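> just a sequence and a predicted model for now, questions to come.
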Amino acid sequence: MTLLSLRNLSVSLRGRPVLGGVSLDVGGGELVGLIGPNGAGKTSLMRAALGLIPAEGDSSLAAMPAAARARHAAWMPQSREIAWPVSVEALVTLGRMPHGQRGTVADRAAVDAAIARMGLEPFRHRTATRLSGGEQARALIARALAQDTPLLMADEPIAGLDPEHQIATLETFAALARDGHGVILSLHDLGLAARHCTRLILLAEGGVLADGPSREVLTDDLLARAFRIRAFHADTPDGPVFQPTRVIR
Amino acid sequence: MKRLAPILLPLVGLLCLGSLVIGPADVGVADSLRALVAGGEGPLTLVMREIRLPRMILALAIGASLGLAGAAMQGYLRNPLAEPGLIGVSGAAALGAVISIQTGLAAGFALALPLAALAGAVMAVLLLLALAGPRGGALTLILAGIAISAMAGALTSLVLNLSPNPFAANEIVFWMMGSLADRSMSHVWLALPIMVVGWALLLPLARPLEALTLGEDAAASMGVNLTRVRWQVVLGTACVIGAGTAVAGAIGFVGLVVPHILRPLVGARPGPLLIASALGGAAMVLAADIAVRMILPGRDLKLGVLTALVGAPFFLHLVWRTGRQA
């Protein structure tokens, strides 16, 4: 089932074109890694797809009424803002807002499931702003999970996490994809992207440079064009290993 | 909020009663209330219905307005230092009042001063609309508010500076200190409907402000219309603060301190804080207005002076405590 459909989407920021003519579909069961160098338009693409910034072209998501969109797609911005010292439980409960009145049985079940999934039970009644950066990031992911949407979009959700929680978080997203959700993540760690994503979209040169499985996207030629790097990659019994090695001068 | 309401509601009720029965006319509680409810001939009914009742209603409404607008402003800007005066409406309302005193317009008829103050508030809102625009963010709003406040403050000083007679200057200075003394039911009828409009704009903000805990982008993705929320905050605050300043002058610190005190008691959630702050603001202004009548009964201690005298040290204490915890 297609959860997001973009047709010829173009984004300009302050009059400067960032992305032009992006067309793609994301369906349930996909864990899509959005990769590309700084400034390639990863964040802009997701925000434009959500209708948070003006764009030309069509986005199935941006075309929805705001309330319906909030029940279709959850969005985790990179900023990870928690403005007030609320409890983790109250923070996660915010995810239920698009579903109307809070406090129903379904709401409590969704909040409990999200807290359990992110391993936050010990922190449930702690003040969110007093947690470590990684714990806050997990609480914010739990907030998005509680929103219980078919599509999840996150801007660099694993930046600043330790290796254990980077892997655990990506495994959570992978499990959600296996459950039929569509997941779109922008990622800078190409190694983790290669290991966990079912599909990579490489943004560079103002548009989509490549779109497909990691071995088709992380090629020497495309890496040189998009990132100006060389990388080592190998297929191991434990899955693909990918390590950027040096800059092309 | 569920735990706070049983404390705040009776407290506000008790203070309303206190406001009605305390005054220079030394009458018993029962006699006062009987005169208020049953009416009848004589000066006591007049005192109760024309002096103390409007004073109580205004203290209740203005206090609730200051608390509510303060909580809404802090929630919207996600900043515990925000206060309702930030958008410049109170400064502009004060300027309108000051001009009416200076020109002698205020002496013309009873409501000339509050009407002039309201005109000042409306000017400030129009200026804010022009400066902050339909698409401007929170930062533009704050900067526009600071600019309007500074402009209104400068013009107020100019009026004082050029004041030809010391009595007008004196009257202006005393008016700006904020007071509820000698207000009539016509002040209530002028201010209350505008405040009710403001409350109707601010109270439905509970859910959008909750969502804004996660920042503007996440709130928008959860279906919050940010442009609408901004105008609800600005117009709602302008209504309640413009009307409040018009009839009572500037009453400082309530909108800043009350949400700050109550925030930990509602789990820091900006939604429940709205009602809690409205009740807390009402309690604070009612209590302060009772206190000014009891502390120096003969000297007309100004309400705004007392709220600042009590509010500022309390705020210092909070800052000190927060600093120690960090």
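Right, received. Where do you want to start?

> for the rest of this, base every contact and every neighbour count on C-alpha atoms.
Will do.

> find the nearest non-adjacent residue to the residue nearest the centre of chain B, please.
The centroid of chain B falls nearest to B:Leu66 when counting by Cα atoms, centre = their mean (3.5 Å). Residue nearest to B:Leu66 in three dimensions, not counting chain neighbours: B:Gly255, with 4.7 Å by Cα to Cα, 6 or more residues apart in numbering or on different chains.

> count of residues packed around that neighbour?
The tally of other residues near B:Gly255 (other Cα atoms under 10 Å in any protein chain shown) stands at 31.

> after the helix or strand hosting it, next one along is what?
Per DSSP states H and E, B:Gly255 falls inside helix B:254-262. Going down the chain from helix B:254-262, the next helix or strand is helix B:270-295, by DSSP H and E.

> what about that next one, average pLDDT?
Taken as a whole, helix B:270-295 has a mean pLDDT of 95.

> mind listing what's buried along it?
For helix B:270-295, the neighbour count (16 or more other Cα atoms under 10 Å in any protein chain shown) marks B:270-293 as buried.

> likewise stretch A:103-121?
A:Asp107, A:Ala110, A:Val111, A:Asp112, A:Ala114, A:Ile115, A:Arg117, A:Met118, A:Leu120.

> ok, now which ones touch B:Ala152?
Listed by Cα atoms under 8 Å, 6 or more residues apart in numbering or on different chains, the contact partners of B:Ala152 are B:Gly88, B:Gly91, B:Ala92, B:Leu95.

> one more time with 7 Å, if that's ok
Residues in contact with B:Ala152 (Cα atoms under 7 Å, 6 or more residues apart in numbering or on different chains) are B:Gly91, B:Ala92, B:Leu95.

> so which of those residues belong to helices?
Counting by DSSP state H, those place B:Gly91, B:Ala92, B:Leu95 in helices.

> how about the residues of the stretch 151-300 of chain B by chain A?
B:Ala211, B:Thr213, B:Leu214, B:Gly215, B:Asp217, B:Ala218, B:Ser221, B:Met222, B:Gly223, B:Gly267, B:Ala268, B:Arg269 (Cα under 7 Å from any Cα of the partner chain).

> would you list those residues in TSV and tack on secondary structure, distance to A:Asp58 and neighbour count?
Putting these into TSV (DSSP: H, G, I helix; E, B strand; the rest coil; distance: Cα to Cα, whole Å; neighbours: other Cα atoms under 10 Å in any protein chain shown) gives the following:
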residue	secondary structure	distance to A:Asp58	neighbour count
B:Ala211	helix	27	27
B:Thr213	helix	30	25
B:Leu214	helix	27	24
B:Gly215	coil	26	20
B:Asp217	helix	20	21
B:Ala218	helix	22	24
B:Ser221	helix	18	25
B:Met222	coil	20	30
B:Gly223	coil	19	19
B:Gly267	coil	42	17
B:Ala268	coil	40	22
B:Arg269	coil	37	25
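
> which parts of chain A are helices?
A:42-49, A:66-72, A:88-93, A:105-117, A:133-146, A:163-178, A:190-196, A:214-217, A:220-227.

> so for the fifth one, mean pLDDT?
Put plainly, it is helix A:133-146. 93.

> again, but for the last one
Along helix A:220-227, the predicted confidence averages to a pLDDT of 94.

> contacts made by that helix with the rest, please.
So helix A:220-227 is contacted by A:Gly36, A:Pro37, A:Ala204, A:Ile229, A:Arg230 (Cα under 7 Å, 6+ apart).

> follow-up on the earlier one: and the ones in helices among the contacts of B:Ala152 as a markdown table, adding distance to chain A, pLDDT and neighbour count?
Below are the ones in helices among the contacts of B:Ala152 laid out as a markdown table (distance: Cα to the nearest Cα, whole Å; pLDDT from 0 to 100; neighbours: other Cα atoms under 10 Å in any protein chain shown):
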| residue | distance to chain A | pLDDT | neighbour count |
| --- | --- | --- | --- |
| B:Gly91 | 28 | 92 | 33 |
| B:Ala92 | 30 | 93 | 31 |
| B:Leu95 | 34 | 93 | 29 |
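
> so which of those comes closest to B:Gly40?
B:Leu95 (41.1 Å; Cα to Cα).

> excluding chain neighbours, what is closest to that closest one?
B:Thr156 (5.4 Å).

> count the neighbours of the one you found for me.
B:Thr156, neighbours per other Cα under 10 Å, totals 20.

> just give me how far the helix or strand where it lies sits from the chain centre.
Using DSSP H and E, the element containing B:Thr156 is helix B:138-161. Offset of helix B:138-161 from its chain centre (Cα atoms, centre = their mean, to the nearest Å): 18 Å.

> tell me which residues in it are buried?
Quick answer for helix B:138-161 (16+ other Cα under 10 Å): B:141-149, B:151-153, B:155-156, B:159-160.

> stretch A:154-162 too?
For stretch A:154-162, by 16+ other Cα under 10 Å, it's A:Ala154, A:Asp155, A:Glu156, A:Pro157, A:Ile158, A:Ala159, A:Leu161.

> stretch A:119-138 now?
Using 16+ other Cα under 10 Å as the test for burial, stretch A:119-138 gives A:120, A:123-124, A:126-129, A:133-138.

> same deal with stretch A:76-83?
A:Met76, A:Pro77, A:Gln78, A:Arg80, A:Glu81, A:Ile82, A:Ala83.

> and chain B, which of those residues contact it?
A:Met76, A:Pro77, A:Glu81, A:Ile82, A:Ala83.

> export those as a markdown table, with columns for pLDDT.
Supplementary listing: those in a markdown table, determined by pLDDT from 0 to 100:
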| residue | pLDDT |
| --- | --- |
| A:Met76 | 96 |
| A:Pro77 | 95 |
| A:Glu81 | 92 |
| A:Ile82 | 95 |
| A:Ala83 | 94 |
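
> now those as a markdown table including distance to B:Ile22?
Shown next, in a markdown table, are those (distance: Cα to Cα, whole Å):
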| residue | distance to B:Ile22 |
| --- | --- |
| A:Met76 | 55 |
| A:Pro77 | 55 |
| A:Glu81 | 48 |
| A:Ile82 | 45 |
| A:Ala83 | 42 |
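
> for these, work out which two are farthest apart.
A:Met76 and A:Ala83 (14.9 Å).

> can I get the buried residues of stretch A:154-162 in JSON lines with distance to chain B?
Listed next are these as JSON lines, based on distance: Cα to the nearest Cα, whole Å:
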{"residue": "A:Ala154", "distance to chain B": "11"}
{"residue": "A:Asp155", "distance to chain B": "11"}
{"residue": "A:Glu156", "distance to chain B": "14"}
{"residue": "A:Pro157", "distance to chain B": "14"}
{"residue": "A:Ile158", "distance to chain B": "17"}
{"residue": "A:Ala159", "distance to chain B": "18"}
{"residue": "A:Leu161", "distance to chain B": "19"}
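
> closest one to A:Pro244 out of those, please.
A:Ala159 (17.3 Å).

> A:Ser87 bridge partners, please.
A:Thr127 (DSSP bridges).

> which residues sit in contact with it?
A:Arg124, A:His125, A:Arg126, A:Thr127, A:Ala128 are the contacts of A:Ser87 under Cα under 7 Å, 6+ apart.
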